[in-house]
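Enquirer: I would like the atomic coordinates for the input below:
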Amino acid sequence: MTSGSDLDWILLIDGQSVPEHKNQERDIDRSLASGGFVEPGRSGVFGKMVSSHDLVHNIGGEDDLNSNTTRRILLLLESLPIGNGEAYNRVRRQILRRYLEDDRGLTHSSGDIRIPRFLLNDLTRYWRTVTVDFVYKQRADNDKKWALRNAKLRMSRKLIFAAGLATVFLCHLDGDADDSLTLLREKKDVSLLTAYIERQIALNPLEIIAKVCLNLEIGHETARAIFDSYDRFIAILDDSGKRSELETGRSQDEVRNSEVWGEIRQLSKSFHEGLVALFLKDDRRLQSLAMTYGVF
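Expert: Take a look at the predicted model:
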């Protein structure tokens, strides 16, 4: 989060809906506005109350709208509870249970490698949806904020996807998950694996990538490429002048000569190369999983 970040919030309802919830939604909106927080974007994905029903039960199918997928994935990988976290923790646990219990390849496989592919495929679908929606918004908004959206796509959106991939692959590579997989093999019980993934996603995306760098055979240069470039990216977004240059409605053609955009391109290239090395070069076990499960 930087000084110019908007605040994407939802009022998460887990249980019976009552008329008072609408008043609470308005109170939250007014309170955040009076506190000087930047309101969520105009897409309508955030800044409102959301029922847990769609998040848990509509995974896939026609009712799983882009907005629902976005809320679900970001609830898992890039969110924090404000105040009482009971409903928040309960909903995340139930979402994970859906991914694991409905994954017959995970619960009934006879192989030694157990990767939660239902979860993996939804993470991949989210990432591809974001990339497609970027082009849609580019056309719908007549290139407004093209540079800032593109920068976020290259860096922060890609980071979320990478953290999701890392979480899925750690289920097999992390020794702390061994008991979870043993219970899964012997009794088809996903409870320990659910708890393991909950512990991983309690970390933020950068911390998940850091865990991979520290625990697997990841080269020093790879780690530096990822974290140095992301640190510099955050510094650009926290610089009011540079951020303004990225978000002042510049089109793709207008931004080509921008020095700030030149910095973003350089950083995003280094960040991308670091992630490629992380998943596909440095650690042979991670490389094998990424090639086998991440591509097809």
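Enquirer: so how far is residue 4 from residue 34?
Expert: According to C-beta to C-beta, to the nearest Å, residue 34 stands 19 Å off from residue 4. C-beta coordinates here come from the backbone N, C-alpha and C atoms, glycine included.
Enquirer: Show me which of the two is the more surrounded one.
Expert: residue 4 (16 against 8; other C-beta atoms under 10 Å).
Enquirer: Now the more buried one: closest residue in space, sequence neighbours ignored.
Expert: residue 243 (4.9 Å; C-beta to C-beta, 6 or more residues apart in numbering).
Enquirer: what's in contact with the longest helix belonging to the chain?
Expert: Counting residues, the longest helix in the chain under DSSP state H turns out to be helix 117-140. Outside helix 117-140, the residues within contact range by C-beta atoms under 8 Å, 6 or more residues apart in numbering are 59-60, 66, 69-70, 72-73, 96, 99-100, 102-103, 105-106, 146, 149-150, 153, 157-158, 160-161, 164-165, 168, 197, 252, 293-294.
Enquirer: and if you look at stretch 245-258?
Expert: If you take C-beta under 8 Å, 6+ apart as the criterion, stretch 245-258 is touched by 138, 142-148, 151, 236, 260-261, 264.
Enquirer: May I see the buried residues of stretch 9-22?
Expert: 9, 10, 11, 12, 13, 14 (16 or more other C-beta atoms under 10 Å).
Enquirer: got the contact list for the closest residue to the third one other than its chain neighbours?
Expert: The reference is to residue 11. Among residues not flanking residue 11 along the chain, residue 49 sits closest, at 4.0 Å (C-beta to C-beta, 6+ apart). By C-beta under 8 Å, 6+ apart, residue 49 lies in contact with 10, 11, 12, 13, 21, 22, 24, 25.
Enquirer: Let's see which of these end up in strands.
Expert: Judged by DSSP state E, the contacts of residue 49 include 10, 11, 12, 13 as members of strands.
Enquirer: Of those residues, just say which sits nearest to residue 115.
Expert: residue 12 (28.7 Å; C-beta to C-beta).
Enquirer: so that closest one bridges to which residues?
Expert: Counting by DSSP bridges, residue 12 forms beta bridges with residue 50.
Enquirer: Which residues are in contact with it?
Expert: 49, 50, 52, 75, 87, 88, 91.
Enquirer: same for the helix or strand hosting the fourth one, what does it pack against?
Expert: Yep, that's residue 75 we're talking about. Assigned by DSSP states H and E, residue 75 falls within helix 66-77. Using 3 or more C-beta pairs under 8 Å, 6 or more residues apart in numbering; DSSP states H and E, the elements in contact with helix 66-77 are helix 52-57, helix 86-101, helix 117-140, helix 158-173.
Enquirer: what about the longest one, average pLDDT?
Expert: To tie it back to what came earlier, the one meant is helix 117-140. Helix 117-140 comes out with an average pLDDT of 92.
Enquirer: Now residue 169: closest residue in space, sequence neighbours ignored.
Expert: residue 289 is the one closest to residue 169 (C-beta to C-beta, 6+ apart), at 4.8 Å.
Enquirer: so what's the one you found up against?
Expert: 113, 115, 169, 172, 173.
Enquirer: still on that earlier bit, give me the buried positions along the helix holding residue 75.
Expert: For helix 66-77, by 16+ other C-beta under 10 Å, it's 68, 69, 70, 71, 72, 73, 74, 75, 76, 77.
Enquirer: so residue 83, which of the three states?
Expert: coil (DSSP: H, G, I helix; E, B strand; the rest coil).
Enquirer: So what's the residue count around it?
Expert: If we define neighbours as other C-beta under 10 Å, then residue 83 has 7 of them.
Enquirer: before we move on, what about residue 162?
Expert: 23.
Enquirer: Show me which pair in the contacts of stretch 245-258 is furthest apart.
Expert: 142 and 236 (24.3 Å).
Enquirer: list the contacts for residue 153?
Expert: Taking C-beta under 8 Å, 6+ apart, one finds 130, 131, 134 in contact with residue 153.
Enquirer: Compute the distance between it and residue 87, please.
Expert: 31 Å.
Enquirer: Please apply the same query to residue 282.
Expert: Distance from residue 282 to residue 87, by C-beta to C-beta: 40 Å.
Enquirer: Report the residue spans of the protein with pLDDT below the cut-off.
Expert: Within the chain, the stretches with pLDDT under 70 are 142-143, 249-252.
Enquirer: So residue 142 and residue 236 - more neighbours on which side?
Expert: residue 236 (19 against 10).
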